[in-house]
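Novice: Structure for this input, please:
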Amino acid sequence: MTRRMPCELLTPVEMGRADQAAAALGRPVAWLMENAGRAVAHAVRARFAPCRVLVLCGPGNNGGDGYVAARLLEQMGWPVSVAALSSVHGAAAQAAAARWHGPMAAFSAATAARAALVIDAVFGAGLTRDADPTVADVLRAARRIVAVDVPSGLDGATGQPRGFVAQAELTVTFFRRKPGHVLLPGRSLCGEVVCADIGLPDEVLEGVAPATFHNGPALWRIPSPAIAGHKYARGHVTVLGGAEMTGAARLAAIAARRGGAGMVTIAAPDPLGIYRAGELGTIVDSRPLATLVQDARRTVWVCGPGLGAEAARLALPVLLAAGRQVVADADSFSAFAGQPEAFRGAAVLTPHGGEFVRVFGPIGTDRLAAARSAAVRCGSVVLLKGPDTVIAAPDGRAAINDNAPPWLATAGSGDTLAGLIAALLAQGMTPWDAACAGAWLHGRAGALAGPHLVAEDLAEALRAAFAEADAR
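Specialist: From the prediction side, this is the model:
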């Protein structure tokens, strides 16, 4: 049975605190280093046939892990040599280096090119500067790379390269993954990621108090309908619709219905009967917003998809003043460009990158920090869409969702996500849980629907996505 990856993601600083806590519990660095090197050696042996291996060792504990892996692979009968960037620092790494009695090689591109497999144990996830160009030249010459912790030069906190980062075929990390293993481009540069148990007890997390998570069903639970419940108990979602791009509101409404809301209404002018000629089971109400918002049963609203910027500018303040839970999307961000305070009180904001910049300014190289800052500024959960979607809460929590296939990038997909999150809110999930669950279900539905999907395919695929979430 495959062991499920833990959902906590530790920054390099948090991982350092976990190591310190482990030492206080009787798990010294040297013991953890031995276990880490053994995990690397076993991962290599499980995936590669015996071949000529070059282990590149850096000056820190990452290099110490490399010396251990080299020694154990040699004991298994593999031809191994070590190339050291410099002498190692720290008692544990020095002891690991002293136990290596095999051949030493030049730290050069020519040496790397001759090896069938290179183990990159130069720099770990905590690198705070651009990698030395010499290291880049050596790694660039390697044919196949197994990285220890992260590929050298990759920022473990952000997933961004610090200088050149060579593509790894396999990355072996320890105890918990880092955000950089999940955020792009780090996720791609790492190749397959193995998270090895090296003996750190889970109790060290109590002092670390991680606030970043890999999104998945382990992080939230879909609410089950009460036996004696009724449609209003499952929540009433109202989607504001525009007169022109009517498909957007209809997609959000269909997703809200498939997402489990007890009742879904499209609130829109409908002079041509377009909304009323749509899907069975969706109610259309053309009364003024000021009238509709007085109905206390209409607890959750979707504001933005196909609405138009001017209509969104008028509607959002009314909904927030009435204390309704609002999922703000699409045209809402055009309506309030450069005005993040206008969203204060909204439950969930779902901008893609361009919309985020329109409201909050440049994202920069740290998507986690940008989303967290935006969540604090508006006091709402912010779901920054993308192939590495980030969900951030005002209290500092953040989750990274990585299950969305590339073919999910199609018109109407975001409208579906907004409606789905609204349905989960209507059933009593918190904004944080609803946004995390919605992102995962949306991505999984996209994968199940398959390549060449159009947004209309997602609602039907949600049935199977919900079933998978419930089974985990």
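Novice: wait, residue 60 sits on residue 89?
Specialist: Yes - Residue 60 is within contact range of residue 89, at 6.3 Å (criterion: CB atoms under 8 Å). Using the backbone N, CA and C atoms, a C-beta is placed for each residue, glycine as well.
Novice: out of those two, which sits in the busier spot?
Specialist: residue 60 (18 against 14; other CB atoms under 10 Å).
Novice: CA atoms only for the helix or strand hosting residue 206, dumped as PDB, please.
Specialist: Element membership for residue 206, per DSSP states H and E: helix 205-208. Written as PDB, here are the backbone C-alpha positions of helix 205-208 (Å, rounded to 0.1, in the frame of the first residue of the first chain):
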ATOM      1  CA  LEU A 205       5.500  19.900  14.200                       C
ATOM      2  CA  GLU A 206       3.900  21.100  17.400                       C
ATOM      3  CA  GLY A 207       6.700  23.600  17.800                       C
ATOM      4  CA  VAL A 208       7.000  24.400  14.100                       C
END
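Novice: which helices and strands sit right next to it?
Specialist: For helix 205-208, the contact count by 3 or more CB pairs under 8 Å, 6 or more residues apart in numbering; DSSP states H and E identifies helix 12-24 as packing neighbours.
Novice: Which residues does the helix it packs on contact?
Specialist: With CB atoms under 8 Å, 6 or more residues apart in numbering as the test, helix 12-24 has contacts from 10, 29, 32, 124-126, 156-157, 175-176, 178, 199-201, 204-205, 207-208, 210.
Novice: ok, of those residues, which come out buried?
Specialist: Burial by neighbour count, judged by 16 or more other CB atoms under 10 Å, picks out 10, 29, 32, 124-126, 156-157, 175-176, 178, 200, 204-205, 208, 210 from the contacts of helix 12-24.
Novice: and which of these is nearest residue 244?
Specialist: Nearest to residue 244 among the buried ones among the contacts of helix 12-24: residue 157, at 43.3 Å, using CB to CB.
Novice: So that closest one versus residue 178, what's the distance?
Specialist: According to CB to CB, to the nearest Å, residue 157 and residue 178 sit 7 Å apart.
Novice: As a check, name the ranges of all strands in the stretch 101-250 of the chain.
Specialist: Here the stretch 101-250 of the chain has its strands, by DSSP state E, counting those that start in this stretch, at 117-121, 145-148, 170-174, 192-196, 212-214, 236-240.
Novice: sorry, back to before: now, among the buried ones among the contacts of helix 12-24, which is nearest to residue 352?
Specialist: Using CB to CB, the buried ones among the contacts of helix 12-24 come closest to residue 352 at residue 157, 23.0 Å.
Novice: Spatially nearest residue to the closest one (excluding sequence neighbours)?
Specialist: Spatial nearest neighbour of residue 157, excluding adjacent residues (CB to CB, 6 or more residues apart in numbering): residue 11 at 4.7 Å.
Novice: what about the one you found, how many neighbours?
Specialist: What residue 11 shows, counting by other CB under 10 Å, is a neighbour count of 22.
Novice: What of the one 4 residues further on?
Specialist: The number of residues packed near residue 15 is 26, by other CB under 10 Å.
Novice: Check residue 44 too.
Specialist: Around residue 44 there are 22 residues (other CB under 10 Å).
Novice: Residue 85 and residue 57: what is the separation?
Specialist: To residue 57, residue 85 is 7 Å away according to CB to CB.
Novice: Pull up the overlap in contacts between those two.
Specialist: Common neighbours of residue 85 and residue 57 (CB under 8 Å, 6+ apart) are 63, 122.
Novice: Could you check which of those two is surrounded by more residues?
Specialist: Between residue 85 and residue 57, counted using other CB under 10 Å, the more crowded position is residue 57 (31 against 19).
Novice: ok, residue 193 touching residue 177?
Specialist: Yes - assessed by CB under 8 Å, residue 193 is found in contact with residue 177 at 6.5 Å.
Novice: who's more crowded, those two?
Specialist: Per other CB under 10 Å, whichever of residue 193 and residue 177 has more neighbours is residue 177, with 26 against 19.
Novice: pLDDT at the more buried one, what is it?
Specialist: Confidence at residue 177, expressed as pLDDT, is 98.
Novice: Per-residue pLDDT of residue 346, please?
Specialist: 98.
Novice: Next, it: secondary structure please.
Specialist: coil (DSSP: H, G, I helix; E, B strand; the rest coil).
Novice: That one and residue 301: what is the separation?
Specialist: Taking CB to CB, one finds residue 346 at 10 Å from residue 301.
Novice: which residues do the two both contact?
Specialist: Common contact partners of residue 346 and residue 301 (CB under 8 Å, 6+ apart): 326-327.
Novice: These two: which is more packed in?
Specialist: Neighbour totals were compared for residue 346 and residue 301, and residue 301 leads with 31 against 24 (other CB under 10 Å).
Novice: For that one, name its beta-bridge partners.
Specialist: Taking DSSP bridges as the rule, residue 301 bridges to residue 238, residue 326.
Novice: distance of it from residue 434?
Specialist: Residue 301 is 14 Å from residue 434, by CB to CB.
Novice: same question, residue 264
Specialist: Per CB to CB, residue 264 is found 15 Å from residue 434.
Novice: Kindly report the same for residue 61.
Specialist: As judged by CB to CB, residue 61 and residue 434 stand 40 Å apart.
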